[in-house]
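>>> Sequence and computational prediction follow.
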Amino acid sequence: MSNQQCACPKCNCAVNEQSIEKNGQRFCSNACATGHADGSKDCGHDCHCG
């Protein structure tokens, strides 16, 4: 699997087969995978996608 972009709409982080998978999509962090449900504004990679 080649690197792809996180499924979070505003995130620019790359994901791969080791990334978090939810509903058939890959995410760079738990924050992105949960749609930033915790209110976070960042995935932990300084891209401010929340």
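Arrived safely.

>>> Break down the chain into its helices, ranges please.
Along the chain, counting by DSSP state H, helices occupy 30-33.

>>> where do the strands sit along it?
Secondary structure of the chain, counting by DSSP state E: strands at 4-5, 14-15, 20-22, 25-27.

>>> in stretch 25-35, what counts as buried?
Within stretch 25-35, the residues that count as buried by 16 or more other C-beta atoms under 10 Å are Arg26, Phe27, Cys28, Ser29, Ala31, Cys32, Ala33. C-beta: built from backbone N, CA, C; applies to glycine.

>>> Please name the nearest non-neighbouring residue to Cys32.
Cys8 (3.7 Å; C-beta to C-beta, 6 or more residues apart in numbering).

>>> I'd assumed His45 was in contact with that neighbour.
No - in this structure, Cys8 is not within contact of His45 by C-beta atoms under 8 Å, at 10.7 Å.

>>> Name the residue in the two with the higher neighbour count.
Cys8 (24 against 16; other C-beta atoms under 10 Å).

>>> Now do the contacts for the more buried one.
Cys8 makes contact with Phe27, Cys28, Cys32, Ala33, Gly35, His36, Cys43, Cys49, according to C-beta atoms under 8 Å, 6 or more residues apart in numbering.

>>> If we use 7 Å, what do you get?
Going by C-beta atoms under 7 Å, 6 or more residues apart in numbering, Cys8 touches Phe27, Cys32, Cys43, Cys49.

>>> just Cys28 next, same as before
Cys6, Cys11, Cys13, Val15, Ser19, Cys43, His45.

>>> swap the cut-off to 10 Å and go again
Each residue near Cys28 by C-beta atoms under 10 Å, 6 or more residues apart in numbering is listed here: 5-8, 11-16, 19-20, 43-45, 47, 49.

>>> In ChimeraX, how would I select the buried members of the residues you listed?
Selecting the buried subset of the contacts of Cys28 in ChimeraX, with 16+ other C-beta under 10 Å as the burial test, is done by:
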select :6,7,8,11,13,15,19,20,43,45,47,49
